[in-house]
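[1] below are the sequence and a predicted model for it; my questions follow.
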Amino acid sequence: MTDRNKRRPFRPGGGRPFDKKGPPGPKPGPRPSWRERDKDTDGPAILYGWHTVTLALANPRRRIRKLLLTENAARRLAEDNIDTRIAPELVRPAEIDRLLGPDAVHQGLFAEVDPLPSPDIDTLAPEGIVLVLDQITDPHNVGAILRSAAAFAVKAIVTTARHSPEATGVLAKSASGALELVPLVLVQNLARALARLNERGFLTVGLDSAGDENLAAAELREPLALVLGAEGKGLRQLTRETCSVVARLDMPGEIKSLNVSNAAVLALYIGASRLGLMR
């Protein structure tokens with residue numbers, strides 16, 4: 001057996017080894033879905049997967065409450081010199097499967113963390129691009145939008161506190177760590193938030209298949225707020241009326257509509273290119 005194959009104790013951040021038995025008492029049950037939870041509670045957010053958890057560990061603003069790791073994940077963290085910040089619990093993969101369900105791709109990492117605070121809309125710097133989500137409820141789509149937002153250096157995502165998925169579980173996994181990179185601004189009333197962005201000098205552009213002009217030909221400027229509507233329903237009437245411009249995404253093919261996460265990345269590419277932000 002080579003030295004690499006020998007099992008070595010993993011000491012996170014120079015701390016004590018894992019407690020393989022874990023803390024006494026009953027084990028936690030699976031977390032309910034975001035639709036079943038009250039967003040005003042102080043309960044922890046659930047993160048799993050390599051990028052999601054390691055970026056949370058690297059974020060000093062994120063408080064880690066609990067960390068479960070498999071032996072393989074622990075070894076990889078040690079090899080990459082990633083500080084776990086708290087003493088993790090070493091578990092078998094089946095234990096994380098039990099918490100998340102058999103279909104979750106957790107890669108041996110599971111964390112309970114405090115939600116990140118939501119910035120106030122008035123604290124957003126009037127520069128670059130922000131995204132505004134009008135009641136997009138699918139956590140996979142919101143997570144994919146967050147990931148694209150991080151890739152295009154979006155300054156923030158604005159969404160409603162209600163009728164939107166919670167920043168946990170499937171959304172966090174789909175975002176692949178982008179929750180730690182893009183501030184999520186939760187507002188009570190989206191029309192009022194858009195009006196406030198207008199007052200602060202943002203050009204608010206709603207995206208709709210029936211928009212007045214093609215986004216690629218529209219006059220765009222910083223700061224820019226791109227507003228995306230929900231699958232099927234699109235932008236709500238009051239949202240449309242509050243936007244400075246309503247534009248469409250023209251495409252040459254037979255299918256004229258895109259999944260909202262695909263529409264987001266296309267709009268971001270057009271916006272960033274037109275504003276000279278791709279340098």
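    Received the coordinates, thanks.

[2] which other helices and strands contact the longest helix along the chain?
    The longest helix of the chain (DSSP state H) is helix 260-274. Packing partners of helix 260-274 (3 or more C-beta pairs under 8 Å, 6 or more residues apart in numbering; DSSP states H and E): strand 129-134, helix 139-151, strand 224-229. The way it works is simple: take the backbone N, C-alpha and C, and place the C-beta from them, glycine included.

[3] let's have those in TSV, adding mean pLDDT and distance to residue 172.
    Shown next, in TSV, are the helices and strands packed on helix 260-274 (pLDDT from 0 to 100; distance: least, C-beta to C-beta, whole Å):
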stretch	mean pLDDT	distance to residue 172
strand 129-134	98	16
helix 139-151	97	7
strand 224-229	98	20
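
[4] out of the ones you listed, flag the one nearest residue 179.
    helix 139-151 (6.4 Å; C-beta to C-beta).

[5] buried residues in that closest one?
    When burial is assessed from 16 or more other C-beta atoms under 10 Å, helix 139-151 yields the following buried residues: 139, 141, 142, 143, 144, 145, 146, 147, 148, 149, 150.

[6] same check on stretch 65-78?
    Those buried within stretch 65-78 under the rule 16+ other C-beta under 10 Å are 67, 68, 69, 70, 71, 73, 74, 75, 76, 77.

[7] now do the end-to-end distance for it.
    Using C-alpha to C-alpha, to the nearest Å, the end-to-end distance of stretch 65-78 comes to 20 Å.

[8] that one - what's its average pLDDT?
    Averaged across stretch 65-78, pLDDT comes to 97.

[9] and for stretch 265-278?
    Here the average pLDDT along stretch 265-278 is 97.

[10] and the strands in the stretch 101-250 of the chain?
    Here the stretch 101-250 of the chain has its strands, by DSSP state E, counting those that start in this stretch, at 109-113, 129-134, 156-160, 184-187, 203-207, 213-214, 224-229, 245-248.
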